[in-house]
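> got a predicted structure here, sequence first:
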Amino acid sequence: MHLRAGGFAPTATGRAGAKAYGRAMTLSPPDPAASDGWSDMPPDPEHYVALRTTCGLGARTVAAARIGMENGLHCSALRKDGAVIAMARIIGDGGCFTQLVDVMVHPDHRGQGHARAALDRALGWAEANLPESCLVSLVSTPGVEPVYAARGFRPLTGMVRNVGS
């Protein structure tokens, strides 16, 4: 893969490098005519923060969410009546290291396969756009490890820390 101005150029193998949706990637706005409601447009920061809170995930400020939504690599988002009800994002450098984050579904819409669909869409994007040697990591919510293991993830010991800690 060779870096060029504005993003990554396709390699000799035909695999293109990642382009962040907030910087160089062309966005597909939500298509009201789409039958499935999925798009690669991330939610606005306020809706993102609200969805995280509703799903019981860690709190983020709107200012932090604005930075995050502008600098991710990919977002698979399912909208219903204009609101994001399910999503998964890929963040990282787009070459060596990425992380699957924000796999979440609004509680009112759980049990319909939306989390698996968001996960599969995000991983499909990664397979099509990231170098084969790129590591995709994640921090799993306890109890859902089998869902990730079924998609090729394996346990790896790690630690996390918030900047303000």
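Alright, I've got the coordinates.
> could I get the full set of strands for the chain?
2-4, 7-9, 38-39, 74-80, 83-92, 97-105, 135-138 (DSSP state E).
> show me what counts as buried in the last one.
Burial within strand 135-138, assessed by neighbour count using 16 or more other C-beta atoms under 10 Å, is assigned to Val136, Leu138. For glycine as for every other residue, the C-beta is placed from the backbone atoms N, C-alpha and C.
> pull it out as CSV, backbone CA atoms only.
Presented in CSV, the C-alpha positions along strand 135-138 are these (Å, rounded to 0.1, in the frame of the first residue of the first chain):
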residue,chain,number,x,y,z
LEU,A,135,-4.8,-6.2,13.5
VAL,A,136,-8.4,-5.6,14.5
SER,A,137,-8.8,-5.7,18.3
LEU,A,138,-11.8,-5.1,20.6
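> same for it, what does it pack against?
strand 97-105 (3 or more C-beta pairs under 8 Å, 6 or more residues apart in numbering; DSSP states H and E).
> any low-confidence regions in the chain?
In the prediction, the chain carries residues with pLDDT under 70 at positions 1-35.
> centroid-nearest residue for it?
By C-alpha atoms, centre = their mean, the chain has its centre lying nearest to Arg89, at 0.7 Å.
> turn the strands of the chain into TSV, including distance to Glu145.
What follows is the strands of the chain, written out as TSV (distance: least, C-beta to C-beta, whole Å):
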stretch	distance to Glu145
strand 2-4	35
strand 7-9	32
strand 38-39	25
strand 74-80	20
strand 83-92	16
strand 97-105	12
strand 135-138	10
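> no further queries at this time; thank you.
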